[in-house]
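[1] model this:
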Amino acid sequence: MNLGIIITSSIIIGSAFIFPVIACIYGEVKKKKVIKPMEYVPPRGASPIDFMIEYYGASASPREIFNPLMLYWAERGFITIEEDCKRGLKLTKIKDLERPESDDGFNPDTFEIEAGLFGKIFNGGDEVFYTLAAGASFKTAYEDIISDCKKQAKKVTEKKTKNLKIASLIVSFAMLLAVVVLFGIATRNNGVIICVFPCAAIAMAKLAFGLSDNDGGIQKGSAIRFMLVPFFVMVGGVPMVAEFMFLPVSAAAVLISAILFCAVTVFFVSEKIDIRDDAQLKFYARICGFKQFLLLAEKSKLETLVEEDPRYYYNILPYCYILNITEKLKAKFDSIALDGPAWYLGELRETLMF
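    Numbers count the residues shown, from 1 in each chain. Alright, predicted model coming up:
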């Protein structure tokens with residue numbers, strides 16, 4: 001195998017892979033360079049959904065959003081929470097959900113999602129909901145809520161992000177095709193074009209799996225998704241392996257590298273591209289400032305905030321869950337005298353939140 005062909009192919013593969021990597025780095029640099037103001041409280045009008053979406057962007061994972069929302073509703077006086085040994089937590093509706101008074105961080109689209117979940121929990125005039133006794137209809141509705149949150153999260157990044165993701169996919173597939181054609185010409189083996197089949201399999205898998213939760217495709221966990229796995233392996237892998245048997249080892253190694261780099265770009269690297277405009281970065285910076293304050297705050301400062309607002313701890317708690325910092329804050333708040341929340345009824349009043 002001509003060394004020049006191998007070097008040329010390696011340059012093509014590297015160039016195609018560097019493109020989305022640079023886009024990812026650019027987005028992360030923009031987020032790191034933004035000035036993060038010190039914030040003692042989260043934006044007054046932002047729900048946990050808003051907080052999660054604005055902080056994590058398109059990579060937000062809303063599957064665990066129920067618990068923060070439950071605490072958020074309770075603290076705002078919409079529900080009470082009571083321990084039930086057999087049926088989990090008992091949520092009792094106090095009044096209908098209302099939008100926050102503040103517009104700071106408020107998003108009518110996410111409020112509609114939040115209200116939809118609240119309506120599913122207390123459906124048909126039911127005033128009580130047990131977390132461990134939820135029926136299949138609620139679980140289906142919750143999956144829809146998760147899907148809606150993901151769709152909303154994709155809107156956080158500016159249009160340039162979507163264009164870059166599409167461009168990275170096109171570049172990856174073009175790279176694979178170019179390498180296949182290059183080796184076909186170099187080896188004078190027209191059959192090498194069959195190695196394009198993995199490209200088609202990767203594209204179909206992206207449509208079936210990568211877009212399923214966000215764009216109304218195949219639902220995660222459905223049987224057809226598991227059936228498609230061996231299908232894509234057969235479509236992409238069998239023709240490729242058959243052709244590799246007739247290729248030089250060096251050519252097969254480079255082609256395998258091209259296929260792997262294409263798959264990694266399509267399913268992982270391109271999904272990490274997150275470039276935001278100035279307005280989105282401003283909100284993100286405020287959340288980062290809030291998180292940084294809680295992690296660095298001395299006990300005396302937290303005690304002062306609790307003295308000024310006895311509900312401070314329970315106000316910030318839902319957002320701490322979103323930021324995954326509850327365990328780090330536990331030691332700080334364990335040594336601060338806190339009144340139990342009026343909305344929680346049960347023996348675990350003092351320890352439920354952690």
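
[2] Can you give me the pLDDT of G88?
    The per-residue pLDDT reported for G88 equals 83.

[3] Burial check on it, number of neighbours?
    For G88, the count of nearby residues is 14 (other CB atoms under 10 Å). (C-beta placed from N, C-alpha, C; glycine too.)

[4] And for S137?
    Applying other CB under 10 Å, we find 10 residues neighbouring S137.

[5] now do A297
    17.

[6] any idea how far the nearest residue to it once chain neighbours are set aside is from C320?
    Excluding the flanking residues, the one nearest A297 by CB to CB, 6 or more residues apart in numbering is K332, at 7.4 Å. Distance of K332 to C320, computed by CB to CB, to the nearest Å: 11 Å.

[7] Looking at these two, which is more packed in?
    More crowded of K332 and C320, by other CB under 10 Å: C320, with 24 against 16.

[8] helix/strand/coil for that one?
    Classification of C320 using DSSP: H, G, I helix; E, B strand; the rest coil returns helix.

[9] for it, what are its contacts?
    L294, T326, L329 (CB atoms under 8 Å, 6 or more residues apart in numbering).

[10] all strands for the stretch 201-350 of the chain, in order.
    Remark: strands assigned in the stretch 201-350 of the chain by DSSP state E, counting those that start in this stretch are 344-345.

[11] on that earlier part again, my read is that the residue nearest to A297 contacts S300, right?
    No - with contacts counted by CB atoms under 8 Å, K332 stays clear of S300, the gap being 10.6 Å.

[12] Does anything pack onto the helix or strand containing L182? Which helices or strands?
    With secondary structure defined by DSSP states H and E, L182 is part of helix 159-187. Helix 159-187 is packed against helix 3-33, helix 197-205, helix 249-264, with contacts defined by 3 or more CB pairs under 8 Å, 6 or more residues apart in numbering; DSSP states H and E.

[13] Flag the shaky bits of the stretch 101-250 of the chain, pLDDT-wise.
    For the stretch 101-250 of the chain, applying pLDDT under 70 flags the ranges 187, 189-247.

[14] go again using 80 as the cut-off
    124-126, 135-136, 157-160, 180-181, 183-250 (pLDDT under 80).

[15] Turn the helices and strands packed on helix 159-187 into TSV, columns for mean neighbour count.
    Formatted as TSV, the helices and strands packed on helix 159-187 follow (neighbours: other CB atoms under 10 Å):
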stretch	mean neighbour count
helix 3-33	16
helix 197-205	20
helix 249-264	19
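
[16] What is the nearest of the contacts of C320 to Y312?
    Nearest to Y312 among the contacts of C320 is L294, at 11.0 Å by CB to CB.

[17] wait, what's in contact with the closest one?
    L294 touches I316, C320, I325, L329, counting by CB under 8 Å, 6+ apart.

[18] Confirm for me that P62 is in contact with D144.
    No - using CB under 8 Å, P62 is not in contact with D144; the gap is 11.5 Å.

[19] more crowded one of the two?
    Neighbours around P62 and D144, counted as other CB under 10 Å, are more numerous at P62. The numbers are 24 against 13.

[20] give me the number of residues near the closest residue to the more buried one other than its chain neighbours?
    Spatial nearest neighbour of P62, excluding adjacent residues (CB to CB, 6+ apart): C149 at 3.8 Å. Neighbour count of C149, defined by other CB under 10 Å: 22.

[21] Quickly find the element holding C149.
    Using DSSP H and E, the secondary-structure element containing C149 is helix 136-154.

[22] Can you dump the C-alpha atoms of that helix in PDB for me?
    Extracted as PDB, the C-alpha positions of helix 136-154 are listed here (Å, rounded to 0.1, in the frame of the first residue of the first chain):
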ATOM      1  CA  ALA A 136     -49.200   3.800  33.300                       C
ATOM      2  CA  SER A 137     -51.000   6.900  31.900                       C
ATOM      3  CA  PHE A 138     -48.900   9.100  34.200                       C
ATOM      4  CA  LYS A 139     -45.700   7.400  33.200                       C
ATOM      5  CA  THR A 140     -46.500   7.900  29.500                       C
ATOM      6  CA  ALA A 141     -47.300  11.500  30.200                       C
ATOM      7  CA  TYR A 142     -44.000  12.000  32.100                       C
ATOM      8  CA  GLU A 143     -42.100  10.600  29.100                       C
ATOM      9  CA  ASP A 144     -43.900  13.300  27.000                       C
ATOM     10  CA  ILE A 145     -42.900  16.000  29.500                       C
ATOM     11  CA  ILE A 146     -39.200  14.800  29.300                       C
ATOM     12  CA  SER A 147     -39.400  15.000  25.500                       C
ATOM     13  CA  ASP A 148     -40.900  18.500  25.700                       C
ATOM     14  CA  CYS A 149     -38.100  19.600  28.100                       C
ATOM     15  CA  LYS A 150     -35.400  18.300  25.700                       C
ATOM     16  CA  LYS A 151     -37.000  20.100  22.800                       C
ATOM     17  CA  GLN A 152     -37.000  23.300  24.800                       C
ATOM     18  CA  ALA A 153     -33.400  22.700  25.800                       C
ATOM     19  CA  LYS A 154     -32.300  22.500  22.200                       C
END
